[in-house]
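# Have a look; sequence and predicted model below, questions after that.
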Amino acid sequence: MPADRCDLATIYRAMHLLEEIGMVKRFDFGDGAARFELVGENDDGHHHHLVCTQCSEVVEIEECFPEKIEKRIASKNGFKAVTHKLEFFGICPECQR
Ligand SMILES: [Zn+2]
Ligand SMILES: [Zn+2]
Ligand SMILES: [Zn+2]
């Protein structure tokens, strides 16, 4: 196995380890390529993404559902600790040229 492939496998394993202890979050945008982001100490890492379907550029989105929507979904279905994942897709300004 070439050295660079070996390193990639090592990095991938290390990222999964960090994911398990909650230091990074994995995002999967459905293109088969997983992305990892560091989670800050006082931050649960909760945010959303706007992904360009042409070039895979990712923009961080701060906006989120109001908490009352989650509460309503939870109580309607008898769930607790309801959370969500949400990604937006579109075409970025660069790709519109
Ligand atoms: Zn783009
Ligand atoms: Zn992000
Ligand atoms: Zn959210």
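Sure thing, it's come through. Ligands and ions are numbered 1, 2, ... in the order given.
# Now do the strands in the chain.
Assignment of strands within the chain using DSSP state E yields the ranges 24-28, 34-38, 48-52, 58-61, 87-90.
# how near is the spatially most central residue of the chain to ligand 1?
Among the residues of the chain, the one closest to the centroid is F27, at 3.0 Å (Cα atoms, centre = their mean). Using Cβ to the ion, to the nearest Å, one obtains 17 Å as the distance from F27 to ligand 1. (Each C-beta comes from the backbone N, C-alpha and C, glycine too.)
# Repeat that for T83.
Separation of T83 from ligand 1 (Cβ to the ion): 29 Å.
# Can you give me every residue that contacts that residue?
H46, E70 (Cβ atoms under 8 Å, 6 or more residues apart in numbering).
# now do L50
V58, V59, I61, E87, F88, F89, G90.
# That one and ligand 1, how far apart?
Between L50 and ligand 1 the computed distance is 10 Å (Cβ to the ion).
# Might one say that I91 is in contact with V51?
No: I91 is beyond contact range of V51, at 10.2 Å (criterion: Cβ atoms under 8 Å).
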